[in-house]
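1. Okay, here's the prediction I keep looking at, along with the sequence it came from:
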Amino acid sequence: MQRCVAALDQGTTSTRCILFDRSGRIAGSAQREHEQLFPRRGRVEHDPRTLWRNTEYVLGAALDDAGCTAADVAAVGITNQRETTVVWDRATGEPVYNAIVWQDTRTAALCDELAGSAGPDRFADRTGLPLSTYFAGPKLRWILDNVPGVRQRAEDGELCFGTIDSWVLWNLTGQHLTDVTNASRTMLMNLRTLQWDSEICAEFGVPESLLPAIRSSSEVYAEINTGPLQGVPVAGILGDQQAATFGQACLIPGEAKNTYGTGNFMLLNTGTTVVTSRHGLLTTVCYRLGDQEPVYALEGSIAVTGSLVQWLRDNLGVIGSADEIEPLARSVDDNGGAYFVPAFSGLFAPRWRPDARGVIAGLTRFVTKGHLARAVLEATAFQTREVIEAMRADAETQRLDLELTTLKVDGGMVRNDLLMQFQADILDVPVVRPVITETTALGAAYAAGLAVGFWAGTDELRANWAEDKTWQPSMAADERERLYAEWNKAVERTYDWADD
């Protein structure tokens with residue numbers, strides 16, 4: 001009997017494979033980091049060949065870790081850093097350029113050009129997204145315009161475009177496909193038809209022959225034809241944040257989760273209704289199971305949270321490892337009046353200020369590296385509160401049935417007790433961590449397992465979810481509001497910095 005499902009999680013900083021049993025527990029895993037490429041200010045790239053080599057490695061290593069063979073694996077699910085963009089040769093598989101990462105800001109002027117007199121919400125009614133450097137469509141257009149010979153080759157039908165799920169699936173199976181959640185992050189898909197929007201593609205100057213076929217998030221796409229999992233079907237694809245939502249079993253409208261990773265991403269399940277935000281959130285596809293109706297979500301995307309800890313380690317050398325930030329932050333009682341606004345790629349939800357750049361405000365001679373470490377952690381919690389305030393505002397103005405009574409959390413940073421306690425305090429709601437915090441990979445495994453009958457239905461997924469720890473708010477209301485007001489003052493200092 002097949003005893004596990006594999007999840008391939010190709011993330012911003014590493015590639016992982018995790019094997020899950022029927023109870024959603026980890027049976028084996030492997031991980032390999034990859035290099036972050038910064039060729040110029042504002043540019044962030046990955047080598048697609050490295051991502052694929054790492055994928056091949058972790059698939060075999062996870063099997064070894066679990067003592068499994070391909071015969072033990074019922075299906076494979078893929079989850080991925082969503083908006084990161086790759087273009088490759090249809091015949092040879094060679095990328096025409098490095099992958100342009102979701103954090104990259106080189107397309108700022110192009111987004112302004114595409115917005116024209118209509119402004120950044122020009123396509124929002126159809127795509128759910130504002131024109132922003134964040135999304136894949138402008139990155140694809142940049143490659144077409146700036147890599148010699150690529151536009152002609154694209155128009156001749158020689159090239160494939162994809163977000164990382166498509167790149168990985170193509171290398172595993174030879175199929176050029178994506179799912180609705182990843183397609184919804186390109187700015188090229190119509191949210192209601194779940195098909196590429198020919199008019200928008202024309203406005204972007206993107207030949208539709210480049211684009212992958214759009215499928216559901218849970219169905220058998222193809223069997224793997226190479227490597228240690230040869231013959232196993234790939235049966236689930238979810239963008240990483242949608243996968244985490246699915247893995248957290250946020251399957252009922254009104255349920256929300258927040259993932260603390262390279263950035264922070266909060267998704268609120270809105271059911272089968274497309275809810276257009278009026279307060280700076282994104283409308284996105286949450287998931288689609290087979291031929292069922294799609295489920296949608298409101299999303300608050302924050303560009304820099306965990307990567308700020310990485311920056312403190314790698315760029316400044318204040319800490320030697322990410323684990324050192326909590327004891328350093330605990331060496332002081334508060335932030336000493338210092339606030340760190342990490343607008344390295346501008347500000348994402350709910351402000352959407354591409355002109356913003358990072359600021360440390362409130363510095364005095366009193367401030368130490370302990371205060372800075374605390375300010376780094378608190379920046380994550382403050383930005384999360386901004387997103388929740390926007391969700392509450394949307395709920396109120398659109399009469400959505402939403403009252404956030406607890407916040408489900410996952411991702412690498414949720415092991416930091418100081419951060420989680422401050423998060424509960426600044427939100428004034430309990431913060432709940434599940435037993436299995438690898439919910440992104442778990443969600444991809446669930447989508448694949450459902451498609452092949454490894455799990456009977458979503459009720460089984462909900463039954464697997466279990467609470468590990470809850471942090472209760474304990475901060476006085478006046479202190480909470482004072483800190484948040486000072487944070488907002490610091491954020492306003494970041495505006496109007498970048499001119500291009």
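-> Arrived safely.
2. Give me the nearest residue to A30, chain neighbours excluded.
-> Excluding its sequence neighbours, the residue lying closest to A30 (CB to CB, 6 or more residues apart in numbering) is A61, at 3.3 Å. C-beta here means a position set from N, CA and C on the backbone, and glycine is covered the same way.
3. Please report the distance of the one you found from C250.
-> 30 Å (CB to CB, to the nearest Å).
4. who has more neighbours, the two?
-> Just comparing A61 and C250: by other CB atoms under 10 Å the higher neighbour count belongs to C250, 26 against 18.
5. what's the neighbour count on the closest residue to E299 other than its chain neighbours?
-> Once flanking residues are discounted, E299 sits nearest to L282: 4.4 Å by CB to CB, 6+ apart. Neighbourhood size, L282 [other CB under 10 Å]: 27.
6. One more: G280?
-> 19.
7. With Q230 instead?
-> Q230, neighbours per other CB under 10 Å, totals 11.
8. and it, what does it touch?
-> A70, E223, I224 (CB atoms under 8 Å, 6 or more residues apart in numbering).
9. quick one: which of these is most hemmed in?
-> The most neighbours, when the contacts of Q230 are compared by other CB under 10 Å, belong to I224, which has 22 neighbours.
10. Quick check: that one touching T173?
-> Yes: with contact defined as CB atoms under 8 Å, I224 counts as touching T173 (6.0 Å).
11. what is in contact with these two at once?
-> Residues touching both I224 and T173 (CB under 8 Å, 6+ apart) are V234.
12. Now do the buried residues in stretch 51-58.
-> Neighbour counts using 16 or more other CB atoms under 10 Å place L51, W52, N54, T55, E56, Y57, V58 of stretch 51-58 among the buried residues.
13. List the residues that contact the first one.
-> The one in question is L51. Q10, T15, H34, A99, I164, W167, V168.
14. How about the contacts made by the fourth one?
-> If I follow you right, that is A99. Neighbouring residues of A99 by CB under 8 Å, 6+ apart: E45, H46, D47, P48, L51, T84, T85, V86, I164, W167.
15. Can you give me the distance of the last one to I143?
-> What that stands for is W167. Taken as CB to CB, the span from W167 to I143 is 14 Å.
16. cool, and the fourth one?
-> P48 sits 12 Å away from I143 when distances are taken as CB to CB.
17. Measure how buried the nearest residue to C4 once chain neighbours are set aside is and give me the count.
-> Closest residue to C4 apart from its sequence neighbours, by CB to CB, 6+ apart: L19 at 4.4 Å. L19 has 25 neighbours, counted by other CB under 10 Å.
18. Report the beta-bridge partners for H46.
-> In this entry, H46 is beta-bridged to A99, by DSSP bridges.
19. okay but A356 is in contact with A498, surely?
-> Yes: using CB under 8 Å, A356 makes contact with A498 at a distance of 7.4 Å.
20. which residues do the two both contact?
-> Counting by CB under 8 Å, 6+ apart, the contacts common to A356 and A498 are G346.
21. quick one: which of those two has more around it?
-> Ranked by neighbour count (other CB under 10 Å), A356 and A498 place A356 first, with 24 against 18.
22. So the more buried one, which state does it fall into?
-> Secondary structure state of A356, per DSSP: H, G, I helix; E, B strand; the rest coil, is coil.
23. what's the spacing between it and A343?
-> 4 Å.
24. Then T79?
-> 27 Å.
25. again, but for K139
-> 20 Å.
26. With neighbour numbers in mind, choose between these two.
-> K139 (29 against 23).
27. Now name the helix or strand holding that one.
-> Using DSSP states H and E, K139 maps to helix 136-146.
28. What of C201?
-> According to DSSP H and E, C201 maps onto helix 198-204.
29. Give the residue spans of the stretch 301-450 of the chain that score low on pLDDT.
-> 400-404 (pLDDT under 70).
30. Please, where are all the strands along it?
-> With DSSP state E, counting those that start in this stretch, the ranges of strands along the stretch 301-450 of the chain come out as 339-341, 359-361, 407-410, 431-434.
31. and of these, who's closest to P233?
-> If you check each of the strands of the stretch 301-450 of the chain against P233 by CB to CB, strand 407-410 wins as the nearest, at 26.5 Å.
32. Within the sheet, what are the partner strands of the closest one, with directions?
-> strand 256-260 (parallel), strand 431-434 (parallel).
33. And the helices in the stretch 201-350 of the chain, which stretches?
-> Assigned by DSSP state H, counting those that start in this stretch, the helices in the stretch 201-350 of the chain fall at 240-247, 306-314, 325-330.
34. any idea of the mean pLDDT for the first one?
-> When you say that, I think you mean helix 240-247. Averaging pLDDT along helix 240-247 gives 93.
35. Just checking: what are the partner strands of the host helix or strand of the residue nearest to C4?
-> L19 belongs to strand 14-20 when assigned by DSSP H and E. As defined by DSSP bridges, the strand partners of strand 14-20 come to strand 4-10 (antiparallel), strand 26-33 (antiparallel).
36. In the first one, which residues are buried?
-> When you say that, I think you mean strand 4-10. Buried positions in strand 4-10, judged by neighbour count with 16+ other CB under 10 Å: C4, V5, A6, A7, L8, D9, Q10.
37. With pLDDT and distance to N182 added, can I get the residues you listed in CSV?
-> Output for the buried residues of strand 4-10, formatted as CSV (pLDDT from 0 to 100; distance: CB to CB, whole Å):
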residue, pLDDT, distance to N182
C4, 93, 24
V5, 96, 20
A6, 96, 19
A7, 97, 15
L8, 97, 14
D9, 96, 14
Q10, 96, 12
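38. Among those residues, pick out the one closest to R330, please.
-> If you rank those by distance to R330 using CB to CB, D9 comes first, at 30.4 Å.
39. which residues touch the closest one?
-> If you count contacts by CB under 8 Å, 6+ apart, D9 has them with T15, R16, C17, I18, T79, N80, D240, A243, T440, A441, A444.
40. show me where the stretch 101-250 of the chain has strands.
-> Counting by DSSP E, counting those that start in this stretch, the strands of the stretch 101-250 of the chain are 159-163, 177-179, 189-190, 195-196, 213-215, 218-223, 233-239.
41. if we compare these, which one ends up closest to L347?
-> Minimum separation from L347 across the strands of the stretch 101-250 of the chain (CB to CB) falls at strand 233-239, 21.4 Å.
42. could you check the angle strand 218-223 makes with the closest one?
-> Taking axes from the mean of the first three to the mean of the last three CA atoms, to 10 degrees, one finds strand 233-239 and strand 218-223 inclined to each other by 120 degrees.
43. Can you spell out which helices and strands pack onto strand 233-239?
-> strand 73-80, helix 164-173, strand 177-179, helix 180-183, strand 218-223, helix 439-451 (3 or more CB pairs under 8 Å, 6 or more residues apart in numbering; DSSP states H and E).
44. among those, which is nearest T262?
-> Nearest to T262, of the helices and strands packed on strand 233-239 and by CB to CB, is helix 439-451 at 11.6 Å.
45. which helices and strands sit right next to the lengthiest helix in the chain?
-> The single longest helix within the chain, with elements called by DSSP state H, is helix 369-397. Packing partners of helix 369-397 (3+ CB pairs under 8 Å, 6+ apart): strand 256-260, strand 264-271, strand 295-302, helix 306-314, helix 325-330, strand 339-341, helix 417-427, helix 477-492.
46. Output the ones you listed in TSV; the columns should cover distance to A390 and mean neighbour count.
-> Formatted as TSV, the helices and strands packed on helix 369-397 follow (distance: least, CB to CB, whole Å; neighbours: other CB atoms under 10 Å):
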stretch	distance to A390	mean neighbour count
strand 256-260	12	27
strand 264-271	9	25
strand 295-302	6	26
helix 306-314	21	19
helix 325-330	27	19
strand 339-341	17	24
helix 417-427	13	21
helix 477-492	13	15
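47. Noted, bye for now.
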